[in-house]
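Asker: sequence and predicted model, in that order:
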Amino acid sequence: MATPCPGPARIRAVSGPRISIVGGGAAGFFAAITAAESRRDAVITIHEQGPQVLAKVRISGGGRCNVTNACFEVRELVSRYPRGSQALIGALHRFQPRDTVAWFAARGVELKTEPDGRMFPTTDTSRTIIDCLVQSAETAGVRCVLNRGVRAVSRVASGGFQLTLSNGESWGADKVLLATGGCRSVVQARLAEDLGHVVEPPVPSLFAFDLAGGWLRDLAGVAVDPVEVSIPGTRLKERGPMMVTHRGVSGPAILRLSAWGARVLQERGYTFPLRIDWLPLLGEAGLNDAFEARRREQGAKLLVNAPIAPLTNRLWERLVLATGLAREARWASLTKEARLKLARQVRETEVMVSGKSLNQDEFVTCGGVRLSEVDFKRMESRVCPGLHFAGELLDIDGITGGFNFQCAWTTGWIAGHAMAV
Ligand SMILES: Cc1cc2nc3c(=O)[nH]c(=O)nc-3n(C[C@H](O)[C@H](O)[C@H](O)COP(=O)(O)OP(=O)(O)OC[C@H]3O[C@@H](n4cnc5c(N)ncnc54)[C@H](O)[C@@H]3O)c2cc1C
């Protein structure tokens with residue numbers, strides 16, 4: 001027997017469409033609630049393969065759930081999606097972060113904005129978001145079945161679909177939403193492929209870089225904001241905070257670089273040179289001026305003891321030594337050639353990346369259902385009418401900051417409405 005969860009569902013009239021939602025994550029719940037609230041006679045079932053729903057929401061944002069981002073201009077918003085930005089323009093005009101904030105507020109959940117734009121529940125716990133979604137689904141009469149993966153979905157000649165569940169049961173539906181999350185494995189892509197869709201191969205996005213070795217790895221704990229990081233031979237370049245970890249480098253600038261470069265970095269086997277400008281706000285001329293001022297005003301000081309702000313003593317010392325300058329060198333004795341070498345080191349430190357580490361706070365998969373095969377006005381398949389998609393299963397992914405959940409809310413909301421009509 002299937003297990004009703006998480007609580008007793010309200011009894012609904014059975015005259016409306018039977019809607020099956022495959023996947024009890026953020027996108028599946030948002031779609032189910034939207035459909036149930038728009039169409040009171042629909043019979044809506046969430047099929048979840050795991051023992052609990054919304055598992056990723058629970059661990060998201062370090063347990064606080066970064067629900068969305070206070071970026072309310074759609075044109076600017078779509079620039080945060082390395083893949084899927086064009087397809088999302090129309091969708092975000094219909095349901096954007098402002099609507100997410102209002103949606104949760106209408107259900108008693110207030111969000112707060114951090115200085116970098118990330119939005120979290122004021123309670124600082126993802127439990128608030130889970131409780132809100134579960135309660136809203138229950139109130140709307142959504143039925144949720146746990147521990148029942150959907151193994152196969154096939155079209156029925158007379159109309160609608162037949163689902164085969166993990167316990168061998170068959171389940172009939174008029175409309176189906178696939179919201180199974182990122183295609184981390186071939187199996188996860190199969191449901192969509194069997195219904196005629198092309199799935200772009202999955203590769204990780206939002207990861208930190210491991211370094212092969214070298215002096216930078218000795219500086220674990222050092223953080224600089226901003227740096228400019230780039231990958232020679234590509235157009236990949238990002239500016240923002242970066243920290244040195246015991247394995248390599250991480251932080252927003254690195255995660256964004258990994259998102260934009262997800263495919264090309266995978267093709268390179270995650271082995272590539274990384275260039276770091278430690279003082280991007282100064283530029284070449286500004287750095288020269290800063291060196292000149294040091295020489296004039298603090299000439300007697302050891303180079304290693306007089307860093308250029310905001311670089312820390314520890315980092316600055318390693319930069320000086322990595323340039324090949326002596327620990328005893330003083331600012332006054334710095335030749336023009338040495339100055340140029342030091343400037344190059346500060347602006348173009350090159351380190352070798354030798355692998356990737358998954359980001360613990362947020363990681364997503366690049367790849368998924370090919371977007372040209374989906375009508376974004378309804379989040380419906382162009383290949384198989386009645387089949388809908390939402391969330392990370394699509395070939396859409398955002399940079400870190402709440403953009404991935406926003407995609408789940410937006411596509412779930414549109415799919416929910418479309419399935420209800
Ligand atoms: C550690 C971590 C932290 C994150 N933090 C954030 C954050 O703070 N902000 C943000 O914007 N994004 C964050 N993300 C990304 C975000 O969690 C995802 O983009 C989002 O959860 C996608 O929602 P979804 O509903 O599409 O998929 P999921 O949340 O993955 O849900 C899919 C569900 O489908 C189920 N399922 C899969 N296959 C089947 C099947 N065959 N039958 C039945 N059920 C099935 C799965 O068990 C799962 O419950 C984070 C990701 C991770 C891994």
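Answerer: In hand now; what should we look at?

Asker: end to end on stretch 385-400, go ahead and measure it.
Answerer: 33 Å (CA to CA, to the nearest Å).

Asker: any part of that stretch near the ligand?
Answerer: Yes. Stretch 385-400 reaches the ligand (CB under 6 Å from any ligand atom) through Gly391, Glu392, Leu393. The way it works is simple: take the backbone N, C-alpha and C, and place the C-beta from them, glycine included.

Asker: up against the ligand, what does the stretch 151-300 of the chain have?
Answerer: Ala179, Thr180, Gly181, Gln188.

Asker: check contacts around the last one.
Answerer: Gln188 is in contact with Thr180, Gly181, Gly182, Leu393, counting by CB atoms under 8 Å, 6 or more residues apart in numbering.

Asker: please name every helix or strand in contact with the lengthiest helix in the chain.
Answerer: Longest helix of the chain, by residue count under DSSP state H: helix 403-420. Applying 3 or more CB pairs under 8 Å, 6 or more residues apart in numbering; DSSP states H and E, one finds that helix 403-420 makes contact with helix 26-38, strand 68-69, helix 85-94, helix 97-106, strand 175-178, strand 387-389.

Asker: which of the contacts of Gln188 sit farthest apart?
Answerer: Pairwise distances across the contacts of Gln188 peak at 8.6 Å for Thr180 and Gly182 (criterion: CB to CB).

Asker: give me the more crowded residue out of these two.
Answerer: Taking other CB atoms under 10 Å, Thr180 and Gly182 do not tie; Thr180 has more neighbours (29 against 23).

Asker: the more buried one and Val203, how far apart?
Answerer: Here the criterion is CB to CB, to the nearest Å. By it, Thr180 lies 18 Å from Val203.

Asker: rewinding a little: mind putting the helices and strands packed on helix 403-420 in a markdown table, distance to Ser60, mean neighbour count and mean pLDDT included?
Answerer: Shown next, in a markdown table, are the helices and strands packed on helix 403-420 (distance: least, CB to CB, whole Å; neighbours: other CB atoms under 10 Å; pLDDT from 0 to 100):
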| stretch | distance to Ser60 | mean neighbour count | mean pLDDT |
| --- | --- | --- | --- |
| helix 26-38 | 8 | 28 | 98 |
| strand 68-69 | 12 | 28 | 98 |
| helix 85-94 | 20 | 17 | 98 |
| helix 97-106 | 14 | 17 | 98 |
| strand 175-178 | 21 | 28 | 98 |
| strand 387-389 | 21 | 27 | 98 |
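
Asker: Leu393 is in contact with Leu84, correct?
Answerer: Let me fix one detail, which is that residue 84 is Gly and not Leu. No. Taking CB atoms under 8 Å as the definition, Gly84 is not a contact partner of Leu393, at 11.8 Å.

Asker: closest approach to the ligand from the stretch 201-350 of the chain, which residue is it?
Answerer: For the stretch 201-350 of the chain and the ligand, the shortest gap (CB to the nearest ligand atom) falls at Leu206, measuring 8.2 Å.

Asker: returning to what we had before: shared neighbours, Thr180 and Gly182?
Answerer: Common contact partners of Thr180 and Gly182 (CB under 8 Å, 6+ apart): Gln188, Leu393.

Asker: now do the domain split for the protein, please.
Answerer: With domains defined by automatic domain parsing, the chain comprises 15-203+361-420, 206-276+351-358, 283-347.

Asker: the strands in the stretch 1-150 of the chain, which residues?
Answerer: Taking DSSP state E, counting those that start in this stretch as the test, the strands found in the stretch 1-150 of the chain are 3-5, 18-22, 43-47, 68-69, 111-113, 118-121, 143-146, 150-155.

Asker: any idea which of the domains of the chain is most buried?
Answerer: Per-stretch averages of neighbours, counted by mean count of other CB atoms under 10 Å, single out domain 15-203+361-420 among these, with a mean of 20.

Asker: and the end-to-end length of that one?
Answerer: For domain 15-203+361-420, the first-to-last residue distance is 13 Å (CA to CA).

Asker: bridge partners for Phe161, pull those for me.
Answerer: Phe161 forms beta bridges with Arg155, Ala173, as assigned by DSSP bridges.

Asker: residue contacts, the residue of the stretch 1-150 of the chain found nearest the ligand?
Answerer: Sorted by distance to the ligand under CB to the nearest ligand atom, the residues of the stretch 1-150 of the chain start with Gly25, at 2.0 Å. The contact partners of Gly25, taken as CB under 8 Å, 6+ apart, are Val53, Leu54, Ala55, Lys56, Val57, Ala179, Thr180, Gly181, Gly391, Glu392, Ala408.

Asker: give me the pLDDT value at the fifth one.
Answerer: Per-residue confidence (pLDDT) for Val57: 97.

Asker: go on, the first one?
Answerer: Reading off the confidence values, Val53 has pLDDT 98.

Asker: and the closest residue to it other than its chain neighbours, its phi and psi?
Answerer: Nearest residue to Val53 in three dimensions, chain neighbours excluded: Gly24, at 3.6 Å (CB to CB, 6 or more residues apart in numbering). Comment: the main-chain dihedrals of Gly24 come out as phi -100, psi 50, following degrees, to the nearest 10.

Asker: can you give me the distance of Gly24 to Ala300?
Answerer: 68 Å.

Asker: likewise Asn404?
Answerer: Using CB to CB, Asn404 is found at 53 Å from Ala300.

Asker: which residues sit in contact with Pro201?
Answerer: Counting by CB under 8 Å, 6+ apart, Pro201 touches Gly367.

Asker: secondary structure class for Leu325?
Answerer: What DSSP: H, G, I helix; E, B strand; the rest coil gives for Leu325 is coil.

Asker: relative to Gly251, how far out is Val353?
Answerer: For Val353, the distance to Gly251 equals 14 Å [CB to CB].

Asker: what's the strand ranked longest in the chain in contact with?
Answerer: For the chain, the strand that runs over the most residues, judged by DSSP state E, is strand 349-358. Identification of contacts with strand 349-358 by CB under 8 Å, 6+ apart yields 204, 207-214, 216, 232, 245, 247-250, 258, 265, 270-278, 319, 322.

Asker: try 7 Å
Answerer: Outside of strand 349-358, the residues that reach it under the criterion CB atoms under 7 Å, 6 or more residues apart in numbering are 204, 207-212, 214, 216, 247-248, 270-276, 278.
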